[in-house]
Structures are given as structure tokens and as C-alpha cells.
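build me a model from this:
(2 chains)
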Amino acid sequence: NAGVTQTPKFQVLKTGQSMTLQCAQDMNHEYMSWYRQDPGMGLRLIHYSVGAGITDQGEVPNGYNVSRSTTEDFPLRLLSAAPSQTSVYFCASSYSTGVSTDTQYFGPGTRLTVL
Amino acid sequence: AQSVTQLDSQVPVFEEAPVELRCNYSSSVSVYLFWYVQYPNQGLQLLLKYLSGSTLVKGINGFEAEFNKSQTSFHLRKPSVHISDTAEYFCAVSDPRTGRRALTFGSGTRLQVQP
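As a prediction, this is how the structure comes out:
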């Protein structure tokens, strides 16, 4: 199993550009999430999904869109990049215990710089 | 509101000394608790988790944590650290705001093991 994969690993954008961060998992996990990591702030939840066709907002959703057409893929779209979106982005996937997310498996991250 | 507080942003310690990394959470409902480790320029890896049962949880690499419901704490301990334990450690809880389908993270504690 490849686990959780993310592409690209690094990206530099100019303000106003759009792009999609890719995330895929091959573990047949129901839950997938996107987090951003900023110094001194830990990881903050952007969007999450509990299955194909179902997504919801997390703590910091503004400026980002997601969709989940398959169990395996959960892309994150930046509509119009801003310098405040400079961050490291992590995708994660997990099983459910029935009442909660269980262990989340993280991808290696995408380091995004917006100039 | 759900929150996770890691009381120490940095913990310097000498090799072979014991260490405790502190984590407190606030929640009006029961939550699942996790500790993750992040080595430099890598993603997050699960150290241990508490879902139910025994309040003393053992994880990988000799780490353990104790769930204390009355104190709402989940402190991480290791009796003797190695240089290779130098990393950032994150405490996380399953977030009731997302129906426990994603995690809320603390701001992280950087463990620096010195020879």
C-alpha cells in the first residue's frame, strides 16, 4: 500500500493564481481531511469528508474548496491564492469506529508559498 | 468550545533523562485522545491513542500516556529519552464539532534531546 499520497511536494504561486493540491489514499478509508500547519499553531482543519459525495467545513475553510467524487481522492482547490495561505498542507485519512474518527494517516505534506 | 492546550512550546532535556509533555483538553462530551510525532520535514505519525478502557496507554518507541478524566489531561511520558526522540509532538482530540470525524490539535511541543 502506498498509504496517503500528496502532490506536489512544493509549490510557489503568485497572488490571485488558482491551483489544486492532490490527495489520494489506497486504504479504503471513509474519512479524509485537509489540515494546514503554521508555526506555533499546530494543525488546523480546513475541510473534511466522511465519504464520497459528502464534505463539510472545518475551522479555517475560507478560500478553499473541496469535492470527493471517489473514496480514494480528495483534492483541495485554492480559488485565488493569497499570501495568508502560505503554509504546509497535510491530507489525512482514517477509519471510523462508528462514533469517531480513529487513527488518522497523514500524507507527506505540500509546502505552498504564495508571493 | 473544543480546545487542546499543550503547556510547553519547547522542552529541552538531556539524553537518558525522563520527560513529560503536558496536554490538557476541554470538552463537554467524551472524546478520543491521540499523540502524534513529527520528525523534521516529515508528516505526522501516531505515537499512541486512548479510545476507552485502561487509562494508561502504551505507544511506540517507549512512550506512554495517562488519561485523567477529572483533570482533563493526557500527558505523554518517556522514562529515558534518546537523541532520536528529538521532534515535535502534537496532542489531538476527536472534535465533537465535526461529529468526531476529524481532529483538533494542540499547538505542539518541540522536544530537544541534548547529549
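
helices or strands up against the helix or strand where residue A:92 lies?
Per DSSP states H and E: residue A:92 is located in strand A:87-96. Strand A:87-96 sits against strand A:4-7, strand A:19-25, strand A:31-37, strand A:43-51, strand A:101-106, strand A:110-114, with contacts defined as 3 or more Cβ pairs under 8 Å, 6 or more residues apart in numbering or on different chains; DSSP states H and E. C-beta: built from backbone N, CA, C; applies to glycine.

direction included, what does that strand pair against?
As defined by DSSP bridges, the strand partners of strand A:87-96 come to strand A:31-37 (antiparallel), strand A:101-106 (antiparallel), strand A:110-114 (antiparallel).

for it, which positions count as buried?
Buried residues in strand A:87-96, counted by 16 or more other Cβ atoms under 10 Å in any protein chain shown: A:87, A:88, A:89, A:90, A:91, A:92, A:93, A:94.

residue contacts, the nearest residue to the third one once chain neighbours are set aside?
Nearest in space to residue A:89, with sequence neighbours left out and distances taken as Cβ to Cβ, 6 or more residues apart in numbering or on different chains, is residue A:110 at 4.7 Å. When contacts are counted by Cβ atoms under 8 Å, 6 or more residues apart in numbering or on different chains, residue A:110 is found next to A:6, A:7, A:8, A:9, A:10, A:11, A:21, A:88, A:89.

residue A:108 versus residue B:38, what's the distance?
As defined by Cβ to Cβ, to the nearest Å, residue B:38 lies at a distance of 11 Å from residue A:108.

look up how far residue A:67 lies from residue A:81.
Distance of residue A:81 to residue A:67, given as Cβ to Cβ: 18 Å.

neighbour count winner among those two?
Using other Cβ atoms under 10 Å in any protein chain shown as the criterion, residue A:81 and residue A:67 rank with residue A:81 on top: 21 against 15.
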